[in-house]
Structure formats: C-alpha cells, structure tokens
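Novice: Need a 3D model of the sequence below.
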Amino acid sequence: MNILKNNKNIIVLCDFDGTITTEDTNVKLFNKIGDKDIIQKYREKYYNGEIDIRTLSNNQFDSVKLSKESYLDFILNEIKLQRGFKLFYTNLNKYKIPFVIVSGGYETGIRPFLNKHGFNDIPIYANKLIFNGDSVTAQYYDEEHFPDLIRKDCYKDFKVEIVKKYRKKYDRIIFIGDGSTDINIADKVDYLFAKDYLRDYCIKNNIDHIDWEDFNDVNKWIFRY
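Specialist: The predicted model follows:
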C-alpha cells in the first residue's frame, strides 16, 4: 500500500515522550529527583485506574522541589533524540507532509529540546509548566482550551479533540506513539505506529497497528527506505 499517494491529504501526528525522545522525560525526571516509594505509589494508582493522568502529574510535582533552570538543564542534557527522527523529519519536508506534536507532556520542555536539535517550526499541542521558585504547577491544555468540554461525560482527552480538528481537513491521519496518553486515539486514526504500552493496549483490544522501535522503522514503512 502506497500511503504517499495523494500525500497532500495526509498529516502525521506524533507523541513526544518516549516517541521523539528515547525515554519518557517525566518518568526519568521523577525517577531521578523523586522519592522512589512515593512516586511508585502514585504510578500504581494511575495504572490501576484509581487516579487520572492529571492527578498523577499534580501529585508527582507536589512531591518534589524543582526550579525551571534545573528542569531545562535536565531536558537539554539528559534526554536523547530518538534514532532516525532527523531523517524522518527531512523526508516529511521532502514530501510536504505536515507534522504536528500532540503530547501529554509539557511544551515547557518540548520546545527547548526541539530547538536544540534544530526543529524550530513544529506545531505543538501540549500542557505547560508554571514555575514559582522550586514549586511547579502544571497548566493543562484541555483546561485552558476546552473548559466546557471537559465537564461532559463524552469527553476523553484533548488528543481526541486534536484528531477531530485535523480530520476535518485531512483524509488520512498517521499517529506515532508509545504510551498510556495515546490509547484514546488508537482507533481514531488511519495508520497507527505503536510500541511499548500503546502496542500492548492495541494487542489486548484488537486494534490494528504497526510495530516500531525507532524512526528508522517508520521511515522504512512510510518512505520505503
């Protein structure tokens, strides 16, 4: 199947943590600066369905002291770019395929990381971090942009809303992801690249997907090299 045919009608949406980066920046951050037992307790509650992702994030940030300078130093010096991403992004530009990041993480770290690697023009939909000395507060994208929608029972998360937005303009949507914040859109895109937690979710729920480990795999599948 040649998905590049009529490529003007294709857009690529992509997660950030553990997708464009080799590791989830937030998991690695709290593993480094957080109390192991406290952080593990919050994570277990999240994966057991006892708390949502916002509550997990709030509890984790409330449990640590972190300045903006320390956070950016961590992002820029301890987080690595996923293999094959530069070639992948070059290929997207070659074929004039739009690329957008849709992340449950934080633009506060995503934007500086991308700028460091020379990706200065990628649109980003993500949450933000507000620093006050050593205290951190998360500002969530959906609370800022969908304040009425999030109160409705039908609301899933902002990633679903972003997919709906681009569905109005593009015939085919490719999504690349790996984590728990990607599961609500797994069955709402045309081509899904899934690994790690997302892949396990797709297998469990019989959702069609394409296995991948790094962007060399994505390059080969989409661009045939």
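
Novice: Cross-check the contact I'm expecting between Thr181 and Ile53.
Specialist: Yes: at 6.2 Å, Thr181 counts as touching Ile53 under the criterion of Cβ atoms under 8 Å. Bear in mind the C-beta positions are built from the backbone N, C-alpha and C, glycine included.

Novice: So which of those two has more stuff around it?
Specialist: Set side by side, Thr181 and Ile53 show more neighbours around Thr181, with 21 against 15, by other Cβ atoms under 10 Å.

Novice: Just give the closest residue to that one, not the sequence neighbours.
Specialist: Leaving aside its chain neighbours, Thr181 sits nearest to Gly104 (3.3 Å; criterion: Cβ to Cβ, 6 or more residues apart in numbering).

Novice: circling back: quickly list what's touching both of Thr181 and Ile53.
Specialist: Both Thr181 and Ile53 are contacted by Gly104, under the criterion Cβ atoms under 8 Å, 6 or more residues apart in numbering.

Novice: Tell me how many other residues crowd the nearest residue to Ile75 once chain neighbours are set aside.
Specialist: In space, and not counting its chain neighbours, Ile75 is closest to Gly109: 4.1 Å by Cβ to Cβ, 6+ apart. Neighbours of Gly109 under the rule other Cβ under 10 Å: 26.

Novice: now whichever strand or helix holds Gly109: mean pLDDT?
Specialist: Assigned by DSSP states H and E, Gly109 belongs to helix 107-116. Helix 107-116 comes out with an average pLDDT of 98.

Novice: Ok, stretch 195-203 next?
Specialist: 97.
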